[in-house]
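In: My questions concern the predicted model and sequence given below.
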Amino acid sequence: MTSPSQHTHSHRTLSHRTLIIARMQPESAARIAEVFADSDQGELPGLIGVRGRSLFQFGDVYVHLVEADQPPGPEVARHAGHPAFRDISDRLAAFVQPYDPATWREPKDAMAVEFYRWERDD
């Protein structure tokens, strides 16, 4: 069985999507968006292979959808020490905390596991 991110439809490869789940200060959505807007103008998205990003809020739950050319987890780990990655992490620390601090050790610990995907063929 292939993983959901490996399926192809109509001779096109689906993008790789990752959901990052965390806790956020509910009133900080605009400030979090500003941090990413600044970062997305720099080199970091290109280094990681990010094609798109969407941020969602559900109460104090932060949901971050990353769409990339390749699975972003390994590239995030590879660039975790990059100054731009450290900068965004430091700037977000005041607003975003691990969903489960007891189990969080590194960025991949906040990434949800996709267990089903369907996309319509056009």
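Out: Here it is on my side, so go on.
In: Which other helices and strands does the longest helix seen in the chain contact?
Out: Ordering each helix of the chain by length in residues (DSSP state H) puts helix 29-40 first. The criterion is 3 or more Cβ pairs under 8 Å, 6 or more residues apart in numbering; DSSP states H and E, and the helices and strands that helix 29-40 contacts are strand 50-58, helix 83-92. Glycine gets a C-beta too; all of them are placed from N, C-alpha and C.
In: Mind doing that once more with 6 Å?
Out: When contacts are defined as 3 or more Cβ pairs under 6 Å, 6 or more residues apart in numbering; DSSP states H and E, helix 29-40 packs onto helix 83-92.
In: List of residues touching the next helix-or-strand element following the longest helix of the chain?
Out: Sequence-wise, the next helix or strand downstream of helix 29-40 (DSSP states H and E) is helix 44-48. Residues from elsewhere that reach helix 44-48, judged by Cβ atoms under 6 Å, 6 or more residues apart in numbering: 72, 75, 79, 84.
In: To what extent is the first one buried, counted in neighbours?
Out: Residue neighbour count, defined by other Cβ atoms under 10 Å, stands at 24 for residue 72.
In: For it, give its distance to residue 34.
Out: Taking Cβ to Cβ, to the nearest Å as the measure, residue 72 falls 22 Å from residue 34.
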